[in-house]
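>>> What would the 3D arrangement of this be:
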Amino acid sequence: MAVLRSFWFALLATVFALLISYPIAYFIGVRLRERVLLRNLLLVLVIAPFFISFLLRTLAWKQILSDEGPVVSSLQFLGLMGSQDHLTGTAFSVVFGLTYNFVPFMTLPLFASLERLDKRLLEAGSDLYASPATTFWRVTFPLTLPGVVSGTLLTFIPAAGDYVNASQSFLGSASTSMIGNVIQSNFLITVNYPQAAALSILLMLVIVVIVGIYVRRSGTEDLL
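Numbers count the residues shown, from 1 in each chain. Next up is the predicted model:
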């Protein structure tokens, strides 16, 4: 169960990170291409979370999403949450934490692809009376597909093996434990090294199979 939950949480976090990161990367890499100073400033803001420990960032979100935190208090004031409802210890908080922590890993590869995008192709699509949505799906997205694949791999792989966000000490609970938490428990609590090693190998093999299928189906085998 923890294995399936791990891949489901990782998939959700990857999708949400892509939906958040693509507009950011497009704005920085395409819209601000000529405004170098502002572009570089926004890139610094994207990577700024890396200057703070992963654990500290996750612990900070635990406090923000706690029952006494501003988010829960505001939602209860608006009547969107009951007095007995919680955010921490739920699947929502775990996926939220995974998404937040891995957004930079998605944004940077997307930016690298969008920065090299020839803007004349977008202008050509407009000249041929294509709508912005058509231009995006027929021109922009296919040309930046390598960046999408790289970003999703950099997000999905570590998210699937993550054991911090789903930990009961951070954003998760016993009902949201992922395979990383099971491996950590076997290594550090029950000291069952053979089972922990076996689970680690199993996780690695499953990820390799998933990545291989994904890359082959996306037509970007040169990334391997």
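>>> End to end on stretch 60-78, go ahead and measure it.
According to Cα to Cα, to the nearest Å, stretch 60-78 extends 23 Å from its N-terminal end residue to its C-terminal end residue.
>>> The helix or strand Asn40 falls within: which residues count as buried?
With elements delineated by DSSP states H and E, Asn40 resides in helix 36-47, which encompasses its position. By neighbour count with 16 or more other Cβ atoms under 10 Å, helix 36-47 contains the buried residues Arg39, Leu42, Leu43, Val46. Backbone N, C-alpha and C define where each C-beta goes, glycine included.
>>> again with stretch 10-17
Ala10, Leu11, Leu12, Ala13, Thr14, Phe16, Ala17.
>>> what comes into contact with that stretch?
Here stretch 10-17 makes contact (Cβ atoms under 8 Å, 6 or more residues apart in numbering) with 95, 98-99, 102-103, 105-106, 151-152, 155-156, 159-160, 162.
>>> can we see that at 10 Å?
Counting by Cβ atoms under 10 Å, 6 or more residues apart in numbering, stretch 10-17 makes contact with 91-92, 94-107, 110, 151-162, 165, 178-179, 207, 210, all of which sit outside it.
>>> Are there helices or strands packed against the worst-scoring helix or strand of the chain on mean pLDDT, and which ones?
Sorting the helices and strands of the chain by mean pLDDT, DSSP states H and E puts helix 119-127 at the bottom, at a mean of 81. With contacts taken as 3 or more Cβ pairs under 10 Å, 6 or more residues apart in numbering; DSSP states H and E, helix 119-127 sits against helix 132-135.
>>> switch the cut-off to 6 Å
Helix 119-127 is packed against no helix or strand, with contacts defined by 3 or more Cβ pairs under 6 Å, 6 or more residues apart in numbering; DSSP states H and E.
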